[in-house]
Structures are given as structure tokens and as C-alpha cells.
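Trainee: only geometry, no sequence info:
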């Protein structure tokens with residue numbers, strides 16, 4: 001049986017991440033960066049595409065239990081067998097030069113025989129490396145990649161069927177450590193890390209970081225876990241945050257909605273900054289703001305919806321035919337063609353983010369206002385264009401209401417900033433006129449008076465969960481009948497077992513793709529926010545509790561959820577979902593204990 005998406009846990013070093021299954025197998029790891037080619041790609045194929053499993057020799061399935069050490073990204077996995085109990089501790093310590101994957105086997109009770117099976121396959125599972133011994137290590141080399149496997153001297157490793165294997169016994173209190181280290185094959189081996197010291201340091205540093213969280217209300221453990229996940233998805237050298245560490249985990253099992261999410265989206269920017277600032281993480285918020293400024297610098301006409309980890313603009317999309325896909329969900333895609341789309345809403349996201357950063361008192365940068373003014377001036381001439389919208393549809397451009405609302409946000413934030421900072425230069429009257437014109441058009445062309453709801457696009461009858469942000473961004477007040485009507489309509493038409501799909505049932509006409517998808521978790525968090533803003537706080541809290549309950553056994557959420565099959569869907573773990581959890585918790589319970 002193929003693992004479920006929720007069977008995986010995440011470890012990482014803030015430059016890349018690994019997914020580890022309940023069976024003790026590392027099935028996904030890209031080195032040296034999130035967006036590098038995977039050396040373990042079993043997640044999207046089979047064992048021949050690379051994995052590393054450590055478990056009792058006779059174990060056939062899932063572990064007995066597993067958990068992160070409290071307030072850390074250090075994972076403990078335990079097996080109880082007839083012979084005793086072992087614990088495998090997995091972590092990726094903060095790197096000095098090279099990425100390390102540390103796996104420590106510990107005897108808890110009895111005497112257990114343990115087996116390690118390592119199958120390295122570079123370039124997304126397609127290249128078998130040449131493996132040799134050197135100084136007691138196993139060294140795998142192919143092209144630009146080199147990986148060193150180090151274990152305790154008493155553990156014998158051997159090669160068989162293009163894999164590296166080991167079998168040993170541990171008794172109560174005994175420990176055996178393995179360290180997997182990557183480096184460019186043309187460079188000498190980097191310094192060796194002490195696995196036990198790395199464990200101690202990682203636990204200490206993660207707990208120190210988690211201790212900075214100012215939220216102390218209900219569901220604090222879920223909020224902390226989401227913040228740690230968000231931190232783990234941060235590319236530390238630049239401050240960029242990837243949407244997820246995976247590619248091509250399907251939005252429908254067996255379907256074709258499989259996308260590469262190992263990049264940084266502008267759509268997440270405001271909500272990300274708000275979550276970090278509201279939870280007390282100003283340093284991370286500033287790093288994200290600075291990444292954003294570098295990424296969007298240049299001609300406003302060239303603004304993209306997403307960028308690479310360091311702000312790279314070219315993210316060409318191609319398919320990997322040798323991988324069968326998660327649970328047979330092909331194709332597997334690398335890169336993301338949506339980078340070429342026009343999404344007018346990102347201009348509003350950037351303006352809203354920079355306005356929030358200014359209001360929060362983040363250290364100013366001299367170029368910020370010049371960038372903002374240029375963005376709004378560009379919108380004045382181009383906002384009437386149709387676009388692909390927030391959801392990156394591939395079925396043709398439309399006049400999406402959410403996109404136009406975010407154009408209004410861009411103009412509104414520019415006007416407000418100028419009004420509060422008269423020393424800045426800008427066309428205040430012109431931007432006010434733009435703001436008012438967009439508002440009038442959206443209310444006229446994007447509103448269905450018969451049903452008392454805004455619609456997905458001008459003249460359509462379809463609805464869109466993105467309409468729930470209308471009161472949050474201030475386009476209309478929460479008590480406006482049109483806002484209440486929209487919330488109720490979206491809830492009724494897009495609801496599935498209390499959760500929300502992104503848009504209406506006739507979705508192929510919108511996104512140009514066959515098949516369906518699950519309910520979209522961040523949209524359901526938006527619904528909770530909207531219910532709270534319109535005075536239905538108890539309903540909002542009940543929905544929030546159900547959403548928190550969808551997290552897997554170690555507190556992680558993917559992009560989507562299938563209420564019928566009751567399993568997670570989409571790339572995992574998903575930053576957008578965890579950002580939604582944090583922001584909704586702060587909105588619902590912040591007054592109950594947030595500092």
C-alpha cells in the first residue's frame with residue numbers, strides 16, 4: 001500500500017528539508033537547496049528512485065509512535081518489537097558549510113536488530129552513483145553530487161544491488177549514529193559534524209526560537225508547530241519562504257493537478273508578514289520583507305507572481321517521465337509555468353505587505369516608497385486587463401473580482417501612506433481617483449444583486465473562496481449586507497462537509513484542467529476569519545477546531561483535504577495552510593493571551 005501524504009513528517013535545516021515516513025524511510029530530500037534535484041525521490045516513484053530506511057530488521061510497516069521533541073524540529077520515531085523497543089531520532093542541524101542528515105538509533109529496552117537500507121539516486125531518482133570506501137566512509141559520486149555516509153566504527157556496511165546496507169543490534173542505553181553529508185563533487189569533504197552535539201544544539205536552538213513566540217492562548221501547541229514549520233520552510237540565506245518543500249503531490253489522487261511548490265509566492269506575502277509580526281518574530285518578518293524588496297525590484301511591468309529562493313525569475317516547467325507520481329498521480333513536474341502569468345492581485349499583495357511593514361515599524365529602506373509608487377502608477381494604466389487570478393488558472397484570462405479588489409488595495413494603501421506621510425511624493429489625487437473607480441466597477445460588475453453575493457469574475461455566476469478576504473482588506477466593512485451575503489453564499493455553494501473548495505463545481509471551465517480537487521485548507525481558515533469578523537465567533541471557533549484536527553499526528557497540514565476519503569492532498573507541508581492557522585488563532589484567541 002502506498003503511503004498517505006499525512007504519513008510523513010518534516011525535518012530541515014532552513015535551506016532544504018526531508019520527508020520521513022511512518023516506516024522510518026526518508027523518501028524525499030533535495031540537496032543542497034529546496035529546489036535542487038532530489039537524491040531520495042521514492043515519494044514520487046518507488047524504491048528504485050532513492051530512499052533511506054532505518055527500522056527494526058523485522059518491521060514491515062509503520063512505527064509504533066512518533067513525535068517531535070516539544071518545540072523543536074527534531075523527530076523521534078519508536079518501534080516496539082517482541083525483542084524490545086528502539087528509537088530513531090532524525091534531524092538536520094543548522095549547516096556551517098554542507099547539509100547533514102543525522103539519524104541516531106537508540107536502544108530503549110531489550111535487544112533489537114536494526115537494519116539500514118540506503119539507496120541514493122541523484123537527479124530525481126534517475127542517476128545511480130558510483131560508491132566507494134574512503135577513510136571508513138561510504139562515498140557516492142555522480143556528476144556534480146557527492147554524498148558521504150558515516151556510521152559508528154563497529155557498524156559494518158556493505159553494498160548490494162546498488163544500495164548500501166547495514167545490520168546491527170542495540171540494547172537499552174546504546175546509541176548508533178549515522179550522518180549523511182552532501183557537497184559538490186569537485187570540492188574536498190567538508191568538516192565532520194558530531195551527531196550527538198548536533199542533536200543537543202538543535203534541540204536547544206529550536207526551543208530558544210519557539211520561546212520567542214508571544215502568543216499564549218488556546219491551541220498554542222498548534223500555533224507553535226505551524227510557526228516552526230514556517231521557519232523550516234524559510235531559505236535562511238535570503239529570507240525567502242517556499243510554499244512547500246515538495247513538487248507534484250496531487251490535488252486529486254491519480255489526477256494531473258500536480259505542481260512544483262518549491263518557490264516563493266507573492267500571494268502569501270501579507271499573511272506571512274502578519275503571522276510573523278503578530279507572533280513576535282520581527283527578525284524573520286524583516287528578512288521576508290527584504291527578500292520581497294529584492295525580488296520585485298525592477299520594472300513594475302515585470303512583476304512576477306513567484307520567484308526562486310534568492311529571487312530567481314526563470315522557473316521553466318518540464319515533466320519527469322521516469323517518476324510514476326505519488327500513488328500513480330502523473331505527471332511529475334519540475335518548475336512552474338505559472339510564473340509567466342499575469343495576476344494583478346500580486347500588486348495589491350506587495351503594497352499591502354509594505355504598508356503593514358511600515359505600520360509595524362520595520363526598519364525603513366530608502367527604495368521602498370519609490371517601488372510602491374512605481375507599482376501603483378503601472379496599475380493605473382493596466383488594471384482593466386483580465387488576468388489568470390489568484391488560483392493561477394490555465395483556462396484563459398478573466399476579470400477576476402479578487403484581482404480587482406486587490407488592485408483597490410494597492411491604490412488604497414498608497415493613498416493612506418501618502419496621507420500619513422506628507423513628506424513622500426506621489427499623485428495623491430490620481431491614486432484616490434483610481435481607488436474610487438476600481439471600487440465602483442467591482443460593486444457594479446462583480447456583484448450579483450439577485451443572489452446578494454460577489455462573484456468569481458465579472459458577469460459570471462461562479463463563486464470563489466477568495467471573495468472572503470473582502471472585509472479583511474477593508475474593501476467593504478464586515479457588516480455590509482453584501483459582505484454577509486457573500487460569506488453565506490460561498491459557504492453554501494463551495495462548502496463540503498463544512499470545509500471550502502476554492503471555486504465552483506464547474507471548475508474545468510475556469511482552470512482548464514480535467515478532474516477535481518479537495519477542499520482548500522487556507523480557504524477554510526479564511527471562512528473562520530470572515531465568520532468571526534461578522535460576529536459569528538462561536539461558529540468560527542468550531543470551524544477552527546475542526547481544521548486543527550485535520551493535522552497529522554505530528555501537527556502538519558498539506559494544501560488540501562478530501563472530506564470523503566479523509567486524507568490530505570497537495571504539496572506538504574503547506575506554508576499557506578500553516579499561515580492560515582496562525583493568523584486565525586491570533587484573530588480568534590489573541591485577546592485570550594497573546595502578548
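Mentor: Looks like it came in fine. Computed from a predicted structure; not experimentally measured.

Trainee: Next, the contact list for residue 56, please.
Mentor: Contacts of residue 56 were listed using Cβ atoms under 8 Å, 6 or more residues apart in numbering, and they are 79, 81, 83, 86, 112-115. (Glycine included, C-beta is placed from N, CA and C.)

Trainee: Residue 180 versus that one, what's the distance?
Mentor: From residue 56 across to residue 180, the span is 20 Å (Cβ to Cβ, to the nearest Å).

Trainee: And for residue 43?
Mentor: 17 Å.

Trainee: Over to residue 263?
Mentor: Residue 263 is 25 Å from residue 180, by Cβ to Cβ.

Trainee: Please identify which two of the contacts of residue 56 are farthest apart in space.
Mentor: 83 and 115 (13.2 Å; Cβ to Cβ).

Trainee: Nearest spatial neighbour of residue 125, chain-adjacent residues omitted?
Mentor: Using Cβ to Cβ, 6 or more residues apart in numbering and skipping residues adjacent in sequence, the residue nearest residue 125 is residue 49, 2.8 Å away.

Trainee: The one you found: neighbouring residues, count only.
Mentor: 23 (other Cβ atoms under 10 Å).

Trainee: pretty sure it is touching residue 29, no?
Mentor: No. Here residue 49 does not reach residue 29: they are 11.7 Å apart, not a contact under Cβ atoms under 8 Å.

Trainee: Name the helix or strand of the protein that has the lowest mean pLDDT.
Mentor: helix 508-511 (a mean of 64; mean pLDDT, DSSP states H and E).

Trainee: Mean confidence (pLDDT) on the next helix or strand after that one, please.
Mentor: Moving toward the C-terminus from helix 508-511, the next helix or strand (DSSP states H and E) is strand 519-520. Mean per-residue pLDDT for strand 519-520: 96.

Trainee: repeat for stretch 375-395
Mentor: On average, stretch 375-395 scores 93.

Trainee: What of stretch 558-577?
Mentor: 97.

Trainee: Straight-line length of it, end to end?
Mentor: 7 Å (Cα to Cα, to the nearest Å).

Trainee: what about it, distance to the chain center?
Mentor: The chain centre lies 11 Å from the centre of stretch 558-577; the measure is Cα atoms, centre = their mean, to the nearest Å.

Trainee: quick one: buried residues of that stretch?
Mentor: Buried residues in stretch 558-577, defined by neighbour count with 16 or more other Cβ atoms under 10 Å: 558-562, 567-577.

Trainee: Going by distance to residue 343, which of those wins?
Mentor: Comparing the buried residues of stretch 558-577 against residue 343 with Cβ to Cβ places residue 576 closest, at 15.0 Å.

Trainee: Residue 243 is in contact with that closest one, correct?
Mentor: Yes. Using Cβ under 8 Å, residue 576 is in contact with residue 243, at 6.5 Å.

Trainee: Are there residues contacting both of the two? Which ones?
Mentor: Overlap of the contact sets of residue 576 and residue 243 (by Cβ under 8 Å, 6+ apart) consists of residue 268.

Trainee: name the helices or strands packed onto the lengthiest strand in the chain?
Mentor: Determined from DSSP state E, the single longest strand within the chain is strand 100-119. Strand 100-119 sits against strand 51-56, strand 75-81, strand 84-91, strand 163-171, strand 175-184, helix 195-210, with contacts defined as 3 or more Cβ pairs under 8 Å, 6 or more residues apart in numbering; DSSP states H and E.

Trainee: Ok, which of the ones you listed comes nearest residue 322?
Mentor: With Cβ to Cβ, the closest approach to residue 322 among the helices and strands packed on strand 100-119 belongs to strand 51-56: 15.4 Å.

Trainee: Which helix or strand lies directly C-terminal to that closest one?
Mentor: strand 65-68.

Trainee: which stretches of this structure form helices?
Mentor: Listed in chain order, the helices found in the chain under DSSP state H are 122-125, 195-210, 220-232, 269-278, 282-296, 345-360, 368-382, 401-420, 428-445, 481-494, 508-511, 521-533, 537-548, 575-589.

Trainee: could you give the mean pLDDT of the second one?
Mentor: The reference is to helix 195-210. Average pLDDT, helix 195-210: 98.

Trainee: List the buried residues of it.
Mentor: Buried, per 16+ other Cβ under 10 Å, within helix 195-210: 195, 198-199, 202-203, 206, 209-210.

Trainee: now that helix and strand 100-119, what's the angle there?
Mentor: Angle of helix 195-210 versus strand 100-119, following axes from the mean of the first three to the mean of the last three Cα atoms, to 10 degrees, is 120 degrees.

Trainee: residues in contact with helix 195-210?
Mentor: 69-74, 89, 91, 93-94, 100, 102, 104, 175, 177-179, 224, 227-228, 231.

Trainee: change it to 6 Å
Mentor: Contacts of helix 195-210 from elsewhere in the structure, counted by Cβ atoms under 6 Å, 6 or more residues apart in numbering, are 69, 71-74, 91, 93, 102, 104, 177, 179, 224.

Trainee: Pull up the gap between the nearest residue to residue 448 once chain neighbours are set aside and residue 466, please.
Mentor: Closest residue to residue 448 apart from its sequence neighbours, by Cβ to Cβ, 6+ apart: residue 455 at 5.3 Å. Residue 455 sits at a distance of 11 Å from residue 466 (criterion: Cβ to Cβ).

Trainee: again, but for residue 474
Mentor: 15 Å.

Trainee: So for these two, which sits in the more crowded spot?
Mentor: More crowded of residue 474 and residue 466, by other Cβ under 10 Å: residue 466, with 27 against 16.

Trainee: Leaving out sequence neighbours, find the closest residue to the more buried one.
Mentor: Here the nearest residue to residue 466 in space, its sequence neighbours aside, is residue 402; by Cβ to Cβ, 6+ apart that works out to 3.9 Å.

Trainee: can you check residue 499 too?
Mentor: residue 519 (3.7 Å).

Trainee: show me the contacts for that neighbour.
Mentor: Here residue 519 is in contact with 496, 499-501, 561 (Cβ under 6 Å, 6+ apart).

Trainee: Those residues into JSON lines, with extra columns for distance to residue 17?
Mentor: Output for those, formatted as JSON lines (distance: Cβ to Cβ, whole Å):
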{"residue": "496", "distance to residue 17": "30"}
{"residue": "499", "distance to residue 17": "26"}
{"residue": "500", "distance to residue 17": "28"}
{"residue": "501", "distance to residue 17": "28"}
{"residue": "561", "distance to residue 17": "21"}
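
Trainee: Any of those residues buried? List them.
Mentor: Among the contacts of residue 519, those that count as buried by neighbour count (16+ other Cβ under 10 Å) are 499-501, 561.

Trainee: Let me have these in TSV, extended by distance to residue 350.
Mentor: Listed next are these as TSV, based on distance: Cβ to Cβ, whole Å:
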residue	distance to residue 350
499	29
500	26
501	27
561	29
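
Trainee: Considering these, which is situated nearest to residue 355?
Mentor: Of the buried ones among the contacts of residue 519, the one sitting nearest to residue 355 (Cβ to Cβ) turns out to be residue 500, at 27.4 Å.

Trainee: The contacts of residue 519 in strands, which ones?
Mentor: Among those, the members falling in strands (DSSP E) are 496, 499-500, 561.

Trainee: and the residue nearest to residue 499, what are its bridge partners?
Mentor: residue 561 (DSSP bridges).

Trainee: do you know how far it is from residue 254?
Mentor: Distance from residue 519 to residue 254, by Cβ to Cβ: 18 Å.

Trainee: next one: residue 386
Mentor: Residue 386 is 32 Å from residue 254, where distance means Cβ to Cβ.
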